[in-house]
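In: Test case, fold it:
(one chain, ligands or ions: 1)
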Amino acid sequence: MTFDDFDFAPALSEGIFYLGFSKPTPIQEQAIPVILSGRDLIACAQTGTGKTAAYVLPLLHKIIDHRQEGLNTLILVPTRELAVQIDQQIEGLSYFTEISSIPVYGGGDGAAWDQQKRALLSGANIVIAPPGRLISHLASGQINLKHIRHVVLDEADRMLDMGFFEDIMRIMSYLPPERQTLLFSATMPPQMRKLAANLLKEPAEINIAVSVPNAGINQQAYMTHDPQKLPLLLKILKEGDFGSVIIFASTKDKVKKLEQTLRRSGIQASAFHSDLDQKEREELLLKFKHRQIPVLVGTDVLSRGIDIEGISLVVNYDVPPDPEDYVHRIGRTARGERTGTAITFINDQCRPKFQRIERLIGREIPKTPLPEGMGEAPSYTAAMTARKSNHNNNKKGGGYWKNRKKSGRKGPGTAGKSSGEAPKAS
Ligand code: AMP
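Out: Prediction:
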């Protein structure tokens, strides 16, 4: 299949050519005809699959084809970073058309608010927004969403995780009932079904191999004790020939400390976390994109939607708390058709978490021995024995397993999101 098969408007085909997309990805092959037909859609697809263009392209075509003017498409997203990124992709694909879009998010000054309001009132055809800021504009009473024809909920599972269910429902109440609604999500937890049942009419469903990392990623792992992590990281960074690198750590304090330690060791690293304001985050990402900063250290704030080409290495300094987050983190490398490396450091305590990841992605990641001179790594069998004896000791009181159940963790092999266990990075 090629993009010509969709018979897109010529100005749109030029944009596709301009961005260098040679053929549709699987999610695009399946979603584009459904969206062009006007049906509602639930699509299970993670970032890195080309899901953004899968809905942006047919929506742009419809706007051109039906000569729709003014605001008619709303894209709701979990974060402002994702809003900006989708806007950039729309800008690229619609470059040869008259279509305009605007990301609407909080954190700016009064001028930004006014500019967003003007665009909402008269200019843009497409608005991309996290629910919070849009609600503020709606509450001001001056914005009218009555002409919206298409709504996209992108990374809907993340929006639910972030507690946006009520906000989404409120925004939807401002929209006309005759609209096309598209829901994109990496996972389909039960709350998502509830959301879909409330908002979509007889949707088509597409499921693109959830939780399978891109085959272009070379996944590796090291068993390490915590004090071995830093020397190992330094060795990898200094001896490997990596261009742009992202390092994920579990908390923002850890991220800040790592940034300082790496800098003291002569590695030009910058920290990306929730304490930075929007402008600082954007500047940092721009510098990283332009290769002025080679190493970015971040929490999971970085793991979704940051779409930067040419990241050759992702390091999980800590095992992510949720298996799905592993897939999102390592999906920052090997974007498009490139290849990349993802390395995870696993300490004794995180071994069970990593096993859940391996179960989710359906394969075991090879454990590389520590380089010589770095001491003994924790052993696989010791970790297993410790867990077994912990299990047996707790059988009567139900401690270990009971607590896991209480925390809401789902059973082995479940691809759905979990709520409890380790706190999420901020
Ligand atoms: P997404 O899954 O939307 O985050 O997209 C991941 C990356 O794939 C983005 O950098 C897109 O520009 C790129 N991409 C999307 N569609 C295609 C395509 N058909 N061919 C090559 N790259 C693509």
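In: Alpha carbons only: can I get stretch 95-110 in PDB?
Out: Written as PDB, here are the backbone C-alpha positions of stretch 95-110 (Å, rounded to 0.1, in the frame of the first residue of the first chain):
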ATOM      1  CA  TYR A  95       2.500  23.100   5.000                       C
ATOM      2  CA  PHE A  96       1.100  23.400   1.400                       C
ATOM      3  CA  THR A  97      -2.500  23.900   2.600                       C
ATOM      4  CA  GLU A  98      -4.300  26.900   4.100                       C
ATOM      5  CA  ILE A  99      -5.100  24.900   7.300                       C
ATOM      6  CA  SER A 100      -3.900  26.400  10.600                       C
ATOM      7  CA  SER A 101      -3.600  24.900  14.000                       C
ATOM      8  CA  ILE A 102      -2.800  26.100  17.500                       C
ATOM      9  CA  PRO A 103      -1.700  24.300  20.700                       C
ATOM     10  CA  VAL A 104      -3.500  25.700  23.700                       C
ATOM     11  CA  TYR A 105      -1.900  25.200  27.100                       C
ATOM     12  CA  GLY A 106      -1.400  26.900  30.400                       C
ATOM     13  CA  GLY A 107       1.700  28.300  32.000                       C
ATOM     14  CA  GLY A 108       2.000  31.300  29.700                       C
ATOM     15  CA  ASP A 109       1.400  34.900  30.400                       C
ATOM     16  CA  GLY A 110      -1.600  37.100  29.700                       C
END
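In: hmm, that stretch touching the ligand?
Out: No. Using CB under 6 Å from any ligand atom, stretch 95-110 stays clear of the ligand, coming no nearer than 13.4 Å. In short, each C-beta sits where N, CA and C put it, glycine included.
In: Against the ligand, how distant is the nearest residue to Met172 once chain neighbours are set aside?
Out: Spatial nearest neighbour of Met172, chain neighbours left out: Leu199 (5.9 Å); criterion: CB to CB, 6 or more residues apart in numbering. According to CB to the nearest ligand atom, to the nearest Å, Leu199 and the ligand sit 22 Å apart.
In: how far away is Leu199 from Ile357?
Out: 31 Å (CB to CB, to the nearest Å).
In: Over to Asn72?
Out: Relative to Ile357, and taking CB to CB, Asn72 is found at 41 Å.
In: For the residue nearest to Met172, which residues are in contact?
Out: 153, 168, 172, 181, 183 (CB atoms under 8 Å, 6 or more residues apart in numbering).
In: quick revisit: of Asn72 and Ile357, who's got more company?
Out: Set side by side, Asn72 and Ile357 show more neighbours around Ile357, with 26 against 20, by other CB atoms under 10 Å.
In: For the stretch 51-200 of the chain, which segments are assigned as strands?
Out: Under the criterion DSSP state E, counting those that start in this stretch, the stretch 51-200 of the chain carries strands at the ranges 73-76, 101-103, 126-129, 150-153, 180-185.
In: Reformat these as a markdown table; add mean pLDDT.
Out: Listed next are the strands of the stretch 51-200 of the chain as a markdown table, based on pLDDT from 0 to 100:
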| stretch | mean pLDDT |
| --- | --- |
| strand 73-76 | 96 |
| strand 101-103 | 91 |
| strand 126-129 | 94 |
| strand 150-153 | 97 |
| strand 180-185 | 96 |
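In: need the ones you listed in CSV with mean neighbour count, can you?
Out: Supplementary listing: the strands of the stretch 51-200 of the chain in CSV, determined by neighbours: other CB atoms under 10 Å:
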stretch, mean neighbour count
strand 73-76, 25
strand 101-103, 23
strand 126-129, 25
strand 150-153, 24
strand 180-185, 24
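In: now for the helix or strand encompassing Glu282, which elements pack on it?
Out: Assigned by DSSP states H and E, Glu282 falls within helix 278-289. When contacts are defined as 3 or more CB pairs under 8 Å, 6 or more residues apart in numbering; DSSP states H and E, helix 278-289 sits against helix 80-93, strand 269-272.
In: Out of the ones you listed, which is closest to the ligand?
Out: helix 80-93 (6.1 Å; CB to the nearest ligand atom).
In: Name the residues of that closest one that are buried.
Out: Within helix 80-93, the residues that count as buried by 16 or more other CB atoms under 10 Å are 80-87, 89-90, 92-93.
In: the inter-axis angle of it versus helix 278-289?
Out: Interaxial angle of helix 80-93 relative to helix 278-289 (axes from the mean of the first three to the mean of the last three CA atoms, to 10 degrees): 60 degrees.
In: what's helix 80-93 in contact with?
Out: 12, 15-16, 18-19, 52-53, 56-57, 60, 75, 77, 99, 101-107, 126, 128-130, 154-155, 278, 281-282, 285, 301, 304-307.
In: next structured bit after the helix holding Glu282?
Out: Using DSSP H and E, the first helix or strand after helix 278-289 is strand 295-298.
In: got the contact list for that next one?
Out: 237, 244-249, 255, 258-259, 262, 267-273, 284, 288, 302.
In: Look up how far Leu145 lies from the nearest residue to Leu138 once chain neighbours are set aside.
Out: Counting by CB to CB, 6+ apart, the nearest residue to Leu138 once its immediate chain neighbours are dropped is Tyr174, at 5.9 Å. Distance of Tyr174 to Leu145, given as CB to CB: 4 Å.
In: Neighbour count: the two, which is higher?
Out: Leu145 (21 against 15).
In: Counting neighbours, what do you get for the residue in the stretch 51-200 of the chain positioned nearest to the ligand?
Out: Of all residues in the stretch 51-200 of the chain, Thr52 sits closest to the ligand, at 3.2 Å by CB to the nearest ligand atom. Thr52: 26 surrounding residues under other CB under 10 Å.
In: That one contacts Ile128, correct?
Out: No. Shown here, Thr52 and Ile128 do not form a contact pair, counting by CB atoms under 8 Å, at 10.2 Å.
In: Would you mind measuring the gap between the ends of stretch 125-135?
Out: Terminal residues of stretch 125-135 are spaced 18 Å apart (CA to CA, to the nearest Å).
In: quick check, that stretch touching the ligand?
Out: No. Stretch 125-135 stays clear of the ligand (CB under 6 Å from any ligand atom), getting no nearer than 12.9 Å.
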